[in-house]
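Trainee: Structural data only, the sequence is not supplied:
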């Protein structure tokens, strides 16, 4: 006999704050989340709440969300992030192997970058809900007003999102559809 599988029940909400405080419902799978939301959904993981300087301080504030909870309630976690100052994140310079004195890598930097602890929540976001952050580059480029340097940095730091799901490639490398009859594929050499 196979035991029951515990699936995480992620909240369904338009933003991380509502997912944490008052979700519309909870669902383990996308089709269940679509039923709760009444529309298409996408899975999101975003920070919520204030930043804490130590893990202990963050754990004190969110202990009931990350420790000693049922398996289906594990949709929150504490993560350490590098502090973003003056619009751009602190980055460590790449290092090359040294192979000196029996060591492969050089000594670590004297002072590591400053970090903070944040609560990350994973949830189902309805498709009609506005997304946080900067607009995509293609949207900002078509806008009438010029893009500020801060907005450009925000656009560059966010992950790429597709306009629509990628379709499978159903034609060969040297084939092309006819412009006057797109349903006909011909060799292109």
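Mentor: Received, thanks. Since this is a predicted model, take the numbers as computed values, not measurements. Residues are numbered from 1 along each chain as shown.
Trainee: got a list of what residue 26 touches?
Mentor: Neighbouring residues of residue 26 by Cβ atoms under 8 Å, 6 or more residues apart in numbering: 9-12, 36. Every residue, glycine included, has its C-beta placed from N, CA and C.
Trainee: So which residues of this structure form helices?
Mentor: Assigned by DSSP state H, the helices in the chain fall at 16-21, 30-37, 55-66, 137-142, 149-157.
Trainee: hey, what's the closest residue to residue 118 other than its chain neighbours bridged with?
Mentor: Using Cβ to Cβ, 6 or more residues apart in numbering and skipping residues adjacent in sequence, the residue nearest residue 118 is residue 47, 4.3 Å away. Note on residue 47: beta-bridge partners residue 120, judged by DSSP bridges.
Trainee: is it true that residue 47 touches residue 122?
Mentor: No. The pair residue 47 / residue 122 is not scored as a contact, 11.3 Å apart, by Cβ atoms under 8 Å.
Trainee: picking up where we left off before, how about JSON lines for the helices of the chain, with mean neighbour count added?
Mentor: As requested, the helices of the chain are arranged in JSON lines below (neighbours: other Cβ atoms under 10 Å):
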{"stretch": "helix 16-21", "mean neighbour count": "18"}
{"stretch": "helix 30-37", "mean neighbour count": "17"}
{"stretch": "helix 55-66", "mean neighbour count": "15"}
{"stretch": "helix 137-142", "mean neighbour count": "12"}
{"stretch": "helix 149-157", "mean neighbour count": "13"}
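Trainee: For residue 173, find the nearest of those.
Mentor: The closest of the helices of the chain to residue 173 is helix 137-142. By Cβ to Cβ, the value is 26.4 Å.
Trainee: Run through this structure and note the low-pLDDT ranges.
Mentor: Within the chain, the stretches with pLDDT under 70 are 1-5, 84-92, 131-135, 157-169.
Trainee: re earlier: burial count for the residue nearest to residue 118?
Mentor: 15 (other Cβ atoms under 10 Å).
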